[in-house]
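Participant: predicted model, plus sequence, below.
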Amino acid sequence: MTLSSSRNNSKPLSIGLVGLGKIAIDQHIPAINANPNLELVAGCSPHARPEGVRAYKNMTEMLQAHPEIKAVAICTPPQVRHAIAKEAINAGKHVFLEKPPAATLGEAEAIRRLAQESGITLLASWHSRFAPAVETTRDWIAQRSLRSVHVVWKENVRQWHPGQTWIFAPGGMGVFDPGINSLSILTRILSGTVIVQKADLHIPVNCDAPIQVGMDMMTDTGVSVRADYDFLQENEQTWSIFVESTKGEKLALHKGGTRLEVDGKLVMQEKEAEYPGLYAHFAELVRNGKSDADFSPLRIVADAFLVGKRIAAPEYIE
């Protein structure tokens with residue numbers, strides 16, 4: 001695929017942020033500001049006004065005020081990303097989609113098709129793939145035959161999404177919002193297609209998305225994969241993937257991909273620096289006229305809802 005647009009490589013890529021919530025403040029703004037090849041021009045949000053960011057009520061106002069913006073990073077809840085991405089692409093702006101890329105696979109595919117037809121760079125950003133130990137894990141797996149993989153991804157929704165009711169609304173994905181990070185790693189480190197066989201979706205009686213999930217999967221090369229997700233984990237939280245080879249060798253990827261152990265011995269431990277790597281990747285894609293829009297993690301979530309058993313869970317109280 002060849003993308004056509006005029007680029008001045010001597011100037012930083014000028015970016016507008018759409019959505020100025022917690023993820024934008026904690027990750028996007030610092031990552032952009034730390035990269036000399038990027039410039040944060042402005043942001044937009046109906047209410048949020050982070051210090052140091054020129055903010056507007058919506059993207060239309062932001063782009064009208066700043067026609068110099070060449071790319072937008074969309075950090076809104078997924079339910080509204082399709083409409084925003086469509087507007088941005090039609091305005092000729094390159095698009096960075098926070099994960100998950102959209103509320104449905106259909107919306108994600110529509111965004112990808114429009115970007116391709118319009119000659120626009122599109123990044124479906126799976127930040128966990130940029131964790132420091134992911135590529136080392138991928139290389140270790142590539143040299144072995146695997147018996148099984150077990151994902152354990154458990155965190156506290158009240159800590160990471162305080163007051164954010166959208167996450168349990170239709171399209172919000174519930175515990176799959178963090179769980180999809182593990183699936184982005186899984187689909188990077190494993191060869192072949194990951195196929196959902198069974199899923200137990202524990203959905204609070206006052207919500208529309210699961211708060212806990214147990215899921216059995218299998219790759220088309222015959223590797224058994226189990227995933228356990230929990231949005232009610234308190235105290236120390238768990239973001240781990242355990243891999244066993246057919247020879248009994250064991251790999252453990254912990255802390256979301258920052259700590260790697262092989263046969264019980266520490267191999268790698270580094271600080272989390274996912275978003276700086278992600279934004280460097282985005283800048284390179286724009287510079288080279290390419291896109292990176294892999295939706296395989298979202299497809300696994302969609303399949304889980306298709307084949308999953310819905311189990312009523314106790315009411316969720318913020």
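Facilitator: Yep, that arrived.

Participant: any idea how far stretch 206-219 is from the chain center?
Facilitator: 17 Å (Cα atoms, centre = their mean, to the nearest Å).

Participant: what about it, start to end distance?
Facilitator: 34 Å (Cα to Cα, to the nearest Å).

Participant: for stretch 263-274, same thing?
Facilitator: 26 Å.

Participant: ok, now which ones touch the spatially most distant residue from the centre of the chain?
Facilitator: For the chain, the residue at maximal distance from the C-alpha centroid (Cα atoms, centre = their mean) is residue 247, at 32.6 Å. Residue 247 is in contact with 144, 145, counting by Cβ atoms under 8 Å, 6 or more residues apart in numbering. The way it works is simple: take the backbone N, C-alpha and C, and place the C-beta from them, glycine included.

Participant: tell me the secondary structure at it.
Facilitator: coil (DSSP: H, G, I helix; E, B strand; the rest coil).

Participant: pLDDT score for it?
Facilitator: As predicted, residue 247 sits at a pLDDT of 97.

Participant: now stretch 302-318: mean pLDDT?
Facilitator: pLDDT averaged over stretch 302-318 gives 96.

Participant: so where's the stretch 1-150 of the chain shaky on pLDDT?
Facilitator: By pLDDT under 70, the low-scoring segments of the stretch 1-150 of the chain are 1-9.

Participant: show me where it has its strands.
Facilitator: Per DSSP state E, counting those that start in this stretch, the stretch 1-150 of the chain carries strands over the ranges 13-18, 38-44, 55-56, 71-74, 94-97, 122-124, 146-154.

Participant: likewise the stretch 151-300 of the chain?
Facilitator: 194-204, 212-219, 224-230, 238-245, 250-254, 259-262, 265-269.

Participant: strands paired with the fifth one, and their directions?
Facilitator: With DSSP bridges as the test, strand 250-254 is paired with strand 238-245 (antiparallel), strand 259-262 (antiparallel).

Participant: now do the longest one: everything it contacts.
Facilitator: So the one you mean is strand 238-245. By Cβ under 8 Å, 6+ apart, strand 238-245 touches 137, 140-141, 144-155, 178, 181-182, 185-186, 189, 250-257.

Participant: do the same with the shortest one
Facilitator: Residues external to strand 259-262 that are found in contact with it (Cβ under 8 Å, 6+ apart): 133, 136-137, 140, 249-254, 266-269.

Participant: again, only using 10 Å
Facilitator: 131-134, 136-137, 140, 239-240, 242-243, 249-254, 266-270 (Cβ atoms under 10 Å, 6 or more residues apart in numbering).

Participant: narrow those residues to just the buried residues.
Facilitator: 131-134, 136-137, 140, 239-240, 242-243, 251-254 (16 or more other Cβ atoms under 10 Å).

Participant: re the thing from before, most packed of the strands of the stretch 1-150 of the chain?
Facilitator: Of all the strands of the stretch 1-150 of the chain, strand 94-97 carries the top mean neighbour count, a mean of 28, counting by mean count of other Cβ atoms under 10 Å.

Participant: show me the contacts for the residue nearest the centre of the chain.
Facilitator: The residue lying closest to the centre of the chain (Cα atoms, centre = their mean) is residue 99, at 3.0 Å. Counting by Cβ under 10 Å, 6+ apart, residue 99 makes contact with 23, 78, 124-129, 177-178, 180-181, 183-184, 278, 297-298.

Participant: leaving out sequence neighbours, find the closest residue to residue 111.
Facilitator: Leaving aside its sequence neighbours, residue 111 sits nearest to residue 85 (Cβ to Cβ, 6 or more residues apart in numbering; 4.7 Å).

Participant: and that neighbour, what does it touch?
Facilitator: Residue 85 touches 18, 72, 74, 76, 93, 95-97, 101-102, 107-108, 110-112, 114-115, 120, 122, counting by Cβ under 10 Å, 6+ apart.
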